[in-house]
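Engineer: model the structure of this input:
(chains A, B, C and D)
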2 protein chains.
Amino acid sequence: MAEILVSMRYDGPERTIAERAYRLLREDIISGALAPGLKLKIEMLRARYGLGAAPIREALARLSSDHLVKLEGQRGCEVVPMSVRDARDIGNMRKLLEVEALRISIRNGGDEWENALAAAFHRLERLERTIDQGIGDLAEWESLNHQFHKALVAACDSEWLLRMRQLMFDQHERYRRLSRVKTVATRDISLEHRALFEAALDRNAEKAVTVMETHIGRTTDAVLQSFAPGERALAR
Amino acid sequence: MAEILVSMRYDGPERTIAERAYRLLREDIISGALAPGLKLKIEMLRARYGLGAAPIREALARLSSDHLVKLEGQRGCEVVPMSVRDARDIGNMRKLLEVEALRISIRNGGDEWENALAAAFHRLERLERTIDQGIGDLAEWESLNHQFHKALVAACDSEWLLRMRQLMFDQHERYRRLSRVKTVATRDISLEHRALFEAALDRNAEKAVTVMETHIGRTTDAVLQSFAPGERALAR
DNA sequence: GATCCTCAAAATATCGATATTTTTATTGAC
DNA sequence: GTCAATAAAAATATCGATATTTTGAGGATC
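Structural biologist: Purely as a prediction, here's the structure:
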């Protein structure tokens, strides 16, 4: 069986069914397709994805270490619930890590980094213009936004910092998606992206950090705002 | 089968064999009993722990998200290798997170926190005196040291920060164990613990942070020295 | 009416066997 | 002697079935 797998964020070939299960579950949790607090019964997942029980169990085990599912011995597992408190916590942690990685990246980045960053920024800005006109693809924006932020910190030489930054980025994305931040004007965000880009190329770390903190804070605020009224429903 | 499980860091009852496998493997990797780079063959682990293959696979999956084992599709898995670069990275990250958690904890801590901290410090100091006399138990020291550091940051209200701090603490411990830091005089470390304790109770965050940075840096240096004699930790 | 049993139904966790893939060893050609 | 092709061995990944545990409904007791 040689099935071609397509993924928005293709990350190397999947050699096992367990890896595929991991990716599928991960995407469905982050995108919100599997709601926070939802009980994840093996039989239900087997039917949903058409996979065996063993690979699914393995995927759930990995996701529990990623803190996307809660695994309770003999009592099955559920999608980790969301809360205002958690959203705030994640926002703060993302700030801390993203800013640190950005500082290092700006200090270390060479020509190659600048070029990749410019390319990522260009792609993102082009799409943001079409979104302003109401014809852009939101999933595509998520992807390019992700790539731009990754390009910003790509020259950071701390693997652990990048790993944790990524973890917080993904967790933050889950909240962003849930609260449908698309209603917030993209124009502001687009301007922030440009400011980030220019500060980075100018090697103006302090300026970049300030913008980044505003940028993340704004996103978190939007999440919290659309979250607070209906908190009860989300907490299960 | 009602077997009593004893663990140095007992963390609630284990309801499944998979959880036990996870704990056992985790301890053996951190303690160095399973050497870095070692190929982890299922059959070998089955024999070692007397457990079935399924729970072991599940444990390995979780450990791969903890970055203690590397899982490569269809090619088995191995204990994550160690390197000078990684040791330095972990030391820096531990500094960043521990210091941040400490600041918050000192700001938020109440009476209850002070009491628990004093108790943890007292237990640790008492043991350190016996170790100075050459009659102390090193495993016991690991445990009390762990508890003291945990008590310091216990009043931090960011779950994510505490989670990541713990991750780095464990990773750091793995390096500390490998390099047998016991040869380093415990007297200095003991003095640092006292300084940390007093600064925390004085609510002198800046002082506490300075001591903590020295404390972690010293440990990292010791690790690096016994790892690659000659090479030195460079300020990042 | 509330609390405590008991028993059946559902779900989870684990085992043993099998299919698939990778690794190792062997052979034959150049 | 080296390389390539191939066959055998080992290891991994997955499935299907079974054992164990939890959950929930219905009745008996206070």
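Engineer: figure out the helix or strand that A:Ala151 lives in.
Structural biologist: Assessed by DSSP states H and E, A:Ala151 sits inside helix A:138-152.
Engineer: which strands and helices lie in contact with that helix?
Structural biologist: Counting contacts by 3 or more Cβ pairs under 8 Å, 6 or more residues apart in numbering or on different chains; DSSP states H and E, helix A:138-152 packs against helix A:84-108, helix A:111-132, helix A:159-178, helix A:186-201. Bear in mind the C-beta positions are built from the backbone N, C-alpha and C, glycine included.
Engineer: buried sites along it?
Structural biologist: Within helix A:138-152, the residues scored as buried using 16 or more other Cβ atoms under 10 Å in any protein chain shown are A:141-152.
Engineer: got any ranges where chain A has weak pLDDT?
Structural biologist: A:1-12, A:180-187, A:228-236 (pLDDT under 70).
Engineer: just to revisit the earlier point, what angle do the helix holding A:Ala151 and helix A:111-132 make?
Structural biologist: 160 degrees (axes from the mean of the first three to the mean of the last three Cα atoms, to 10 degrees).
Engineer: what does stretch A:151-164 contact?
Structural biologist: A:97-98, A:100-102, A:104-106, A:108-110, A:113, A:116-117, A:119-121, A:165, A:196, A:200, B:67, B:86, B:89-90, B:92-93, B:96, B:164, B:168 (Cβ atoms under 8 Å, 6 or more residues apart in numbering or on different chains).
Engineer: give me the buried subset of these.
Structural biologist: A:97-98, A:100-102, A:104-106, A:109, A:113, A:116-117, A:120-121, A:165, A:196, A:200, B:86, B:89-90, B:92-93, B:96, B:164, B:168.
Engineer: around chain B, pick out the residues from chain A.
Structural biologist: Neighbours of chain B within chain A, by Cβ under 8 Å from any Cβ of the partner chain: A:14-16, A:18-19, A:54, A:57-59, A:61-67, A:72-75, A:86, A:89-90, A:92-93, A:96, A:100, A:104, A:158-161, A:163-164, A:168.
Engineer: and if we set it to 6 Å?
Structural biologist: A:15-16, A:19, A:58, A:61-62, A:65-66, A:73-74, A:89, A:93, A:158, A:160, A:164 (Cβ under 6 Å from any Cβ of the partner chain).
Engineer: tell me how many other residues surround whichever residue of chain A sits closest to DNA strand D.
Structural biologist: Going by Cβ to the nearest atom of the strand, DNA strand D is nearest to A:Gly52 of chain A, at 1.8 Å. Applying other Cβ atoms under 10 Å in any protein chain shown, we find 13 residues neighbouring A:Gly52.
Engineer: kindly state the domain boundaries assigned to chain A.
Structural biologist: Domain segmentation of chain A under automatic domain parsing yields A:17-79, A:84-231.
Engineer: excluding its backbone neighbours, what's nearest the residue positioned nearest the centre of chain A?
Structural biologist: Centroid-nearest residue in chain A: A:Asp170, 2.8 Å away (criterion: Cα atoms, centre = their mean). Among residues not flanking A:Asp170 along the chain, A:Ile30 sits closest, at 6.0 Å (Cβ to Cβ, 6 or more residues apart in numbering or on different chains).
Engineer: got it, and A:Glu140?
Structural biologist: A:Leu127 (6.1 Å).
Engineer: tally of neighbours for that neighbour?
Structural biologist: A:Leu127 has 20 neighbours, counted by other Cβ under 10 Å.
Engineer: return the distance of it relative to A:Gly136.
Structural biologist: Taking Cβ to Cβ, to the nearest Å as the measure, A:Leu127 falls 6 Å from A:Gly136.
Engineer: likewise for A:Leu196?
Structural biologist: From A:Leu196 to A:Gly136 the distance is 20 Å (Cβ to Cβ).
Engineer: A:Glu98 now?
Structural biologist: On the measure of Cβ to Cβ, A:Glu98 and A:Gly136 end up 24 Å apart.
Engineer: show me which residues of chain A are close to DNA strand D?
Structural biologist: A:16-18, A:51-55, A:58, A:74-75 (Cβ under 7 Å from any atom of the strand).
Engineer: now chain A against DNA strand C: closest residue?
Structural biologist: Counting by Cβ to the nearest atom of the strand, chain A gets nearest to DNA strand C through A:Gly76 (3.2 Å).
Engineer: what's the local residue count around that residue?
Structural biologist: Counted with other Cβ under 10 Å, A:Gly76 comes out at 14.
Engineer: interface residues of chain A facing DNA strand C?
Structural biologist: Within chain A, the residues that sit near DNA strand C (Cβ under 7 Å from any atom of the strand) are A:1, A:15, A:39-43, A:53-54, A:57, A:71-77.
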